[in-house]
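In: Predicted model, plus sequence, below.
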Amino acid sequence: MLESYREVGGINHLDGVNLPSKSAIAQITLDLLRLLFPGFFGERPVSSTELRSITTDLICSIDRRLEVEVFKSLEYAPPPDAAGRDLQTLARHVTRDFLAQMPRTRELLQTDAEAAYQGDPAALSEDEVIVAYPCIEAISVQRLAHELYLRNVALLPRIMTEWAHGRTGIDLHPGARIGTHFFIDHGTGTVVGETCVIGNHVKMYQGVGLVARSLAGGQQLRGKRRHPTIEDHVTIYAGATIVGGETVIGEGSTIGANVFLLESVPPRSLVVYDGLTVRVLSKNDRGSMPEDYEI
Amino acid sequence: MLESYREVGGINHLDGVNLPSKSAIAQITLDLLRLLFPGFFGERPVSSTELRSITTDLICSIDRRLEVEVFKSLEYAPPPDAAGRDLQTLARHVTRDFLAQMPRTRELLQTDAEAAYQGDPAALSEDEVIVAYPCIEAISVQRLAHELYLRNVALLPRIMTEWAHGRTGIDLHPGARIGTHFFIDHGTGTVVGETCVIGNHVKMYQGVGLVARSLAGGQQLRGKRRHPTIEDHVTIYAGATIVGGETVIGEGSTIGANVFLLESVPPRSLVVYDGLTVRVLSKNDRGSMPEDYEI
Amino acid sequence: MLESYREVGGINHLDGVNLPSKSAIAQITLDLLRLLFPGFFGERPVSSTELRSITTDLICSIDRRLEVEVFKSLEYAPPPDAAGRDLQTLARHVTRDFLAQMPRTRELLQTDAEAAYQGDPAALSEDEVIVAYPCIEAISVQRLAHELYLRNVALLPRIMTEWAHGRTGIDLHPGARIGTHFFIDHGTGTVVGETCVIGNHVKMYQGVGLVARSLAGGQQLRGKRRHPTIEDHVTIYAGATIVGGETVIGEGSTIGANVFLLESVPPRSLVVYDGLTVRVLSKNDRGSMPEDYEI
């Protein structure tokens, strides 16, 4: 085994700078959710009299631990504008700056909870949405990770969103720019790529992909715009895939289930398959029955 | 942050009635699985001599903890028929009543394990199905949650099924009425909506959606029938989506993969796409090759 | 409840041989990942001076615990060639043999990490791939489970891959034979069946199914070849389903998103739907708008 570590070196991580810790980040992310939604994600109820002390303790604890992971990320991949700066100081600055914007993230998340409640007749209340809907967890974590992504922190934001991906089946890249009132119903298998831009009041279902054209490029495409733009008030049904960095879905459009779309559509479009009609055969009519096709 | 809690109030939960606790419910649900399948979900083997004492202890422990969460749910959303009744007494009644029906749930689950074993040549034994197949966990939790749903307990059943959704990728709403011998193979991304009615011997694959037509209605559709009826002995292949509250899939039918179906079909139907033929192009034939389409 | 255990016996596991423990196997699998990728999956950094002692301790600990679970699996389903052999000795032999091949598994996994990094412009480095991409975890666990599957260990390998399935949404059966440089992007809902054979440099996306034709056979098909062969350098886009044991996808082919394919295609094929064109309707043009179809 030791010989293998010497010879097959690419998948070791030894003696290098420390990588951010997956387990520490999981715990920090859970605590950030508690901070965003007081009384929902904790173990016990929160009264407003104790809110101040609970919040203060929680922020101090997150601040300290998050700074450690931010530092490791900056040390691993120093941002272009960090040349000559002390990374420890930069980590502190980024962490404080990140925590300072949390109230803005809460305002966005309130619009998401509202959209989920309004959009789903199965929802009893916004409380049920927050406590039970996986999209709230996935979107919250993406919005937090996006703030770190904007501050040029590598690795850490992606570890956060992959933690949420594992828990919810919803894969939202930290790079995506997402507007207000975002709702993903069910959500398992839905993918939103790094350079997506999503407007306000967008509703998506499970298995939707906002993905990149995978030309031969591979790593040469890094940093380029590769994923679609979805304008305001668009609805995308289950299993639809929208591809490419120049594709724009005009505001108010509806994309049907399982549609595979490589091109832009104007505002207020309804996109379905042409000439795709369901065929209902009778199993009793032996003649027309493709016997083999019971899959 | 405290200011944010004051101003962006919709996603706090402060000073209200206690919400059911996600972590307590996760632990209770795991213990209910141990109670349903003795010897499978526990840490150590169970001998029949100790079965009585283990079972007694487990039921007492679940009873006590479940009653607390049922009470919180009833307090949060008192059922229509609870007017004037003591909710603590009602919580005790519901919890006892729920536990008393567990043997019936076990009978149903035995049919599910049998269906999974019979339906999948990769399965070595019913033991393997119970210990390894995610559908057994998802269906067990849905059947339990459904019993609480029928007793007008809010929130708690949905938190249970979302716990299973997170672990299995299978999203079964507690409201769905599901018959015997239900098998979901693989299951990731499969969604069964609140007002579905599913017959006996139904087999589904991953990515299947039994979903609602989302007319402008939103919350106005609450409580209305919105999801399809699937009759006995129906098979639904991967990625198929069946929509709407008046859609009935007749007994013995087969729905092909990726089919998107908005209408009822008679018994013994085979539903596939008409005119949908696979086109095989050669990459060597430069003329006909859509160069751009390597996606 | 005790009466139910007596009468509904098929889903108890009492007084039989011990089944492998899901929780013990989860912990062993995590430790195997730490052994494969030193410095990535652990809680703290690993320096090369302490690598020897950490590795020795880890291997000894895994060896002891894994042998217990291998023994339970062998006792539950003794392999055909074990007649008359001491199962405890066989368990020790299998466990040692399994651990001895770990360096070979590492060589394969290095090719997978390389393929993921090369294939995804969103990836910053191979480190990011290993620490954050769910496919690395799913493929690692499949490659380990496959080695146990080849040694005729029942149950245990499937419990390992289902543990990974639950965490990643990627369902790779331990029986599948998978070549080098295997990459699954996003991956939620992707299924690879028991008798698949996958070549080198194969790239797949989320929601891909390599599945079996489900003829009436059920358990009668056990052990038969039921799943497709994918040759080298094939790319399969999101939601495509490939069916059947005689289906061969020729090397260098590309299978489009959502394609449902029941037949072999020659090398360097591009497979898309014929006559399937997206139809873009305007919601402003009331005449042609199927009002009802807002789903």
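Out: Yep, that arrived.

In: need the contact list for the residue positioned nearest the centre of chain A.
Out: The centroid of chain A falls nearest to A:Leu172 when counting by C-alpha atoms, centre = their mean (2.2 Å). Residues near A:Leu172 by C-beta atoms under 8 Å, 6 or more residues apart in numbering or on different chains: A:138-139, A:141-142, A:161, A:164-165, A:178, A:192. Using the backbone N, CA and C atoms, a C-beta is placed for each residue, glycine as well.

In: Secondary structure of A:Leu270: a strand, I assume?
Out: Yes: A:Leu270 forms part of a strand when assessed by DSSP: H, G, I helix; E, B strand; the rest coil.

In: what mean pLDDT does stretch A:132-151 have?
Out: Averaging pLDDT along stretch A:132-151 gives 97.

In: Report whether that stretch contacts chain C.
Out: No: if you take C-beta under 8 Å from any C-beta of the partner chain as the test, stretch A:132-151 misses chain C, and the best it gets is 11.2 Å.

In: again with stretch A:57-70
Out: No: using C-beta under 8 Å from any C-beta, stretch A:57-70 never reaches chain C; the gap is at least 11.9 Å.

In: hmm, back to that, export the contacts of A:Leu172 to JSON lines and tack on secondary structure?
Out: Below are those laid out as JSON lines (three-state DSSP):
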{"residue": "A:Ala138", "secondary structure": "helix"}
{"residue": "A:Ile139", "secondary structure": "helix"}
{"residue": "A:Val141", "secondary structure": "helix"}
{"residue": "A:Gln142", "secondary structure": "helix"}
{"residue": "A:Thr161", "secondary structure": "helix"}
{"residue": "A:Ala164", "secondary structure": "helix"}
{"residue": "A:His165", "secondary structure": "helix"}
{"residue": "A:Ile178", "secondary structure": "strand"}
{"residue": "A:Val192", "secondary structure": "strand"}
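
In: now for these, which pair is the farthest apart?
Out: Greatest spatial distance in the contacts of A:Leu172: A:His165 and A:Ile178, 15.4 Å, computed using C-beta to C-beta.

In: Which one's more surrounded, the two?
Out: A:His165 (28 against 20; other C-beta atoms under 10 Å in any protein chain shown).

In: How about that one, nearest residue that isn't a chain neighbour?
Out: Closest residue to A:His165 apart from its sequence neighbours, by C-beta to C-beta, 6 or more residues apart in numbering or on different chains: A:Asp171 at 4.5 Å.

In: Tell me the bridge partners for that neighbour.
Out: For A:Asp171, the beta-bridge assignment (DSSP bridges) gives partners A:Val191.

In: what sits against it?
Out: Contacts of A:Asp171 (C-beta under 8 Å, 6+ apart): A:161-162, A:165, A:190-192, C:186, C:188, C:206.

In: One more: A:Ser140?
Out: A:32-33, A:36-37, A:105, A:109, A:112.

In: Please identify which two of those are farthest apart in space.
Out: Among the contacts of A:Ser140, A:Leu32 and A:Asp112 lie farthest apart (C-beta to C-beta), at 15.4 Å.

In: Any regions of the stretch 151-295 of chain A where pLDDT drops low?
Out: A:214-220, A:275, A:285-295 (pLDDT under 70).

In: do that again at 80, thanks
Out: In the predicted model of the stretch 151-295 of chain A, residues A:213-223, A:274-278, A:283-295 satisfy pLDDT under 80.

In: Taking it, what residue is nearest to chain B?
Out: Closest to chain B within the stretch 151-295 of chain A is A:Arg279: 3.6 Å, counting by C-beta to the nearest C-beta.

In: And the strands in the stretch 101-250 of chain A?
Out: Remark: strands assigned in the stretch 101-250 of chain A by DSSP state E, counting those that start in this stretch are A:171-172, A:177-178, A:183-184, A:191-192, A:197-198, A:203-204, A:209-211, A:229-230, A:235-236, A:241-243, A:248-249.

In: which helices and strands does the fifth one pack with?
Out: Applying 3 or more C-beta pairs under 8 Å, 6 or more residues apart in numbering or on different chains; DSSP states H and E, we find strand A:197-198 packed against strand A:177-178, strand A:229-230.

In: quick one: contacts of the last one?
Out: It stands for strand A:229-230. A:196-199, A:202, A:210, A:236, A:242, A:247-249.

In: hmm, try it at 7 Å
Out: A:197-199, A:202, A:210, A:248-249 (C-beta atoms under 7 Å, 6 or more residues apart in numbering or on different chains).

In: Same list (these) but as a markdown table, adding neighbour count.
Out: Formatted as a markdown table, the contacts of strand A:229-230 follow (neighbours: other C-beta atoms under 10 Å in any protein chain shown):
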| residue | neighbour count |
| --- | --- |
| A:Val197 | 17 |
| A:Ile198 | 22 |
| A:Gly199 | 19 |
| A:Val202 | 23 |
| A:Leu210 | 28 |
| A:Val248 | 18 |
| A:Ile249 | 28 |
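
In: Report the distance from the longest helix along chain A to the chain centre.
Out: Secondary structure of chain A per DSSP state H: the longest helix is helix A:48-76. The chain centroid and the centroid of helix A:48-76 are separated by 22 Å, computed with C-alpha atoms, centre = their mean, to the nearest Å.

In: Which strands and helices lie in contact with that helix?
Out: helix A:22-36, helix A:87-100, helix A:156-168, helix B:2-7 (3 or more C-beta pairs under 7 Å, 6 or more residues apart in numbering or on different chains; DSSP states H and E).

In: among these, which is the most enclosed?
Out: helix A:156-168 (a mean of 24; mean count of other C-beta atoms under 10 Å in any protein chain shown).

In: Can I get it as PDB, trimmed to CA atoms?
Out: Taking Å, rounded to 0.1, in the frame of the first residue of the first chain, the C-alpha atoms of helix A:156-168 are listed here in PDB:
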ATOM      1  CA  LEU A 156     -15.200  25.300   0.000                       C
ATOM      2  CA  PRO A 157     -18.400  26.500  -1.800                       C
ATOM      3  CA  ARG A 158     -18.400  23.400  -4.000                       C
ATOM      4  CA  ILE A 159     -18.000  21.100  -0.900                       C
ATOM      5  CA  MET A 160     -21.000  22.900   0.600                       C
ATOM      6  CA  THR A 161     -23.200  22.500  -2.400                       C
ATOM      7  CA  GLU A 162     -22.200  18.800  -2.900                       C
ATOM      8  CA  TRP A 163     -23.100  18.200   0.800                       C
ATOM      9  CA  ALA A 164     -26.600  19.600  -0.100                       C
ATOM     10  CA  HIS A 165     -26.600  17.600  -3.300                       C
ATOM     11  CA  GLY A 166     -26.000  14.400  -1.400                       C
ATOM     12  CA  ARG A 167     -28.800  15.200   1.000                       C
ATOM     13  CA  THR A 168     -31.400  16.400  -1.500                       C
END
